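Colleague: Structural data only, the sequence is not supplied:
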Ligand code: 5GP
Ligand code: ZN
């Protein structure tokens, strides 16, 4: 838990979110400014800033997060597929420096 981190505050419940799943390792909530019909954020409970700070101790939670993506996509009705994005650093478009995976999908998703 990092005091000035928005996603740590969402994880602790001190800032509300539209939470759709959580377990001992991750939380999943709706993005407040969705870029697609479905736009979820898959967030490790343990704070680390980005892929640049990922350590071997984070391997398990990252593997778990990846394995949850198709499960979550299916729950959201994304039967034809989905997109995942991990922004890393300012140059990669990251604005919240607590690692998260964007899960996007829906009929309006354009090619990349
Ligand atoms: P980044 O650009 O860091 O990869 O993505 C951060 C994402 O967090 C953005 O898509 C933004 O809309 C979302 N976001 C920012 N503040 C909040 C918030 O308070 N609640 C939720 N649910 N999402 C947020
Ligand atoms: Zn955090």
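Modeller: Structure received. It should be emphasised that the depicted structure is a prediction, and the values quoted were computed from it without experimental measurement. Ligands and ions are numbered 1, 2, ... in the order given.
Colleague: Relative to residue 107, how far out is the residue nearest to residue 106 when sequence neighbours are not counted?
Modeller: Closest residue in space to residue 106, ignoring its immediate chain neighbours: residue 37 at 2.5 Å, by Cβ to Cβ, 6 or more residues apart in numbering. C-beta here means a position set from N, CA and C on the backbone, and glycine is covered the same way. Distance from residue 37 to residue 107, counting by Cβ to Cβ, to the nearest Å: 6 Å.
Colleague: on that earlier part again, could you pull up the contacting residues of the residue nearest to residue 106?
Modeller: Residues near residue 37 by Cβ atoms under 8 Å, 6 or more residues apart in numbering: 105, 106, 107, 108, 109.
Colleague: Show me where the chain has its strands.
Modeller: Here the chain has its strands, by DSSP state E, at 19-22, 26-30, 38-44, 83-85, 101-105.
Colleague: State the mean pLDDT of the last one.
Modeller: Averaging the model's pLDDT scores along strand 101-105 yields 98.
Colleague: got it, and the first one?
Modeller: The predicted model gives strand 19-22 an average pLDDT of 98.
Colleague: quick one: average pLDDT of the lengthiest helix in the chain?
Modeller: Taking DSSP state H as the criterion, the chain has its longest helix at helix 59-75. Across helix 59-75, the average pLDDT comes to 98.
Colleague: what residues does the protein put near ligand 1?
Modeller: Neighbours of ligand 1 within the chain, by Cβ under 6 Å from any ligand atom: 6, 17, 29, 30, 31, 32, 33, 87, 93, 94, 95, 96.
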